[in-house]
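Undergrad: Fold the following.
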Amino acid sequence: MSRAVSGRPPGHALLRIGRGSFLVHRRALVVVVALAVLLAAVVVASLCVGESLVSPVEVCRVLLGRPSPDRLVVGTLRLPRLVVGLLAGAAFGVAGALIQTVARNPLASPDVIGVTHGAGAATVAAMSFGVVSHNALPYLSVGGGLAATLLVYVFAWRRGLHASRFVLVGIGISVALGSLTQLFLTKGDYLVAQQAKVWLTGSLNGRGYDQAAPLALVLLLALPAALWAGRTQRSVSFDDDTATALGVRLDQVRLGLAALGVVLASVATGAAGPIDFVALVAPQIARRLTRTIQIPLLSSALTGALVVVVADLLARRLFAPIELPVGVLTAVVGAPYLMWLIVRTRSRSGGTTS
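TA: Residues are numbered from 1 along each chain as shown. Coordinates of the predicted model:
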């Protein structure tokens with residue numbers, strides 16, 4: 001009765017901003033606010049902790065642009081690295097949400113279906129053989145990610161894009177590209193190959209505004225496309241017959257969502273390296289927190305940023321003064337989660353067929 005009177009689905013509220021009004025999911029809004037507050041607290045903690053401890057008050061003074069004796073440590077040494085982690089985590093989170101929506105499979109993510117492996121192979125080849133300048137690496141990563149996705153799309157297409165075939169083909173392409181990357185490492189210069197190996201683990205060490213700038217630009221330019229993706233996700237989540245009956249052009253919509261996810265994941269890989277499992281874990285955490293039908297993009301972005309920043313903080317302090325690559329920490333959490341997800345998916349499919 002209340003639904004008929006209000007005209008709103010249950011669990012939703014009408015948010016008015018100026019002359020406009022938006023229908024928002026109440027729980028999703030609460031989750032977004034909670035994630036934003038938690039992320040802000042972790043950001044301050046990350047800027048406080050290091051070889052020398054800085055008080056939260058001084059960190060806030062630096063962030064607000066006020067004079068502080070810790071401006072060099074916080075603003076010059078720690079903040080640029082943190083910005084790269086935030087942007088890369090957000091990009092991985094949104095990319096994973098989009099690709100899992102297209103594949104309709106929680107196992108699908110840029111690092112599973114070959115996107116980050118394609119970006120990584122292209123970047124390692126450029127680093128090992130010195131074919132391009134260092135500033136061009138993020139753009140080369142995009143080309144490698146797009147090429148890998150195109151291969152997956154071509155081999156998985158058989159009168160349509162089947163979700164399970166898309167994931168299986170992507171895993172095969174990932175293995176092949178991983179072998180190709182190892183070949184590049186053995187053929188290139190030894191010192192450069194060692195730098196490439198560190199980059200392949202996903203590390204924020206030495207990252208700064210030079211890497212953050214192209215990533216921030218891509219995220220800004222992708223904002224209109226992300227708004228469109230958020231509106232389109234619900235229709236793509238339906239089965240093919242239902243979506244077609246609703247007038248959705250599935251092939252074009254899936255291609256657009258996948259292309260956006262690939263670009264975001266590839267640019268993030270070029271900036272911070274292939275930080276594995278963030279794009280796999282973040283969307284599923286966000287979906288379980290919000291309990292929405294489709295994977296929420298904003299919550300996925302915040303969750304991805306939170307995962308990367310927390311992992312980087314732990315990587316810096318767990319074995320100090322030894323600093324681990326952030327990708328090592330995300331792999332420690334992500335690999336068991338992937339195995340649990342595979343077992344859970346198998347048990348569900350087994351229960352369905354029996």
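Undergrad: Low-confidence ranges, the stretch 151-300 of the chain, go.
TA: Counting by pLDDT under 70, the ranges of the stretch 151-300 of the chain that qualify are 159-163, 188, 233-251.
Undergrad: ranges for the helices of it?
TA: Listed in chain order, the helices of the stretch 151-300 of the chain (DSSP state H, counting those that start in this stretch) span 163-187, 190-200, 209-221, 223-237, 240-245, 250-272, 278-290, 297-317.
Undergrad: Mean neighbour count and distance to residue 118 for the ones you listed - can I get that in TSV?
TA: Glycine gets a C-beta too; all of them are placed from N, C-alpha and C. Conversion of these to TSV gives the following (neighbours: other Cβ atoms under 10 Å; distance: least, Cβ to Cβ, whole Å):
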stretch	mean neighbour count	distance to residue 118
helix 163-187	17	6
helix 190-200	16	13
helix 209-221	17	17
helix 223-237	15	21
helix 240-245	12	27
helix 250-272	24	8
helix 278-290	25	14
helix 297-317	25	20
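Undergrad: Any idea which of the ones you listed gets closest to residue 339?
TA: Shortest separation from residue 339 across those is recorded for helix 278-290, at 11.6 Å, computed as Cβ to Cβ.
Undergrad: one step back: which one of the helices of the stretch 151-300 of the chain lies nearest to residue 104?
TA: helix 163-187 (4.6 Å).
Undergrad: Can you name the residues in contact with the closest one?
TA: 102-105, 107-108, 111-114, 117-118, 120-121, 124-125, 128-129, 148, 151-152, 155-156, 158, 193, 196-197, 200 (Cβ atoms under 8 Å, 6 or more residues apart in numbering).
Undergrad: just the angle between that helix and helix 190-200, please?
TA: Here helix 163-187 runs at 150 degrees with respect to helix 190-200, directions being taken by axes from the mean of the first three to the mean of the last three Cα atoms, to 10 degrees.
Undergrad: so helix 163-187 versus helix 250-272, what angle?
TA: Angle between the axes of helix 163-187 and helix 250-272 is 30 degrees (criterion: the same axes, to 10 degrees).
Undergrad: Can you redo the helices of the stretch 151-300 of the chain as JSON lines, where the extra columns are distance to residue 68?
TA: Conversion of the helices of the stretch 151-300 of the chain to JSON lines gives the following (distance: least, Cβ to Cβ, whole Å):
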{"stretch": "helix 163-187", "distance to residue 68": "43"}
{"stretch": "helix 190-200", "distance to residue 68": "32"}
{"stretch": "helix 209-221", "distance to residue 68": "19"}
{"stretch": "helix 223-237", "distance to residue 68": "32"}
{"stretch": "helix 240-245", "distance to residue 68": "54"}
{"stretch": "helix 250-272", "distance to residue 68": "27"}
{"stretch": "helix 278-290", "distance to residue 68": "32"}
{"stretch": "helix 297-317", "distance to residue 68": "21"}
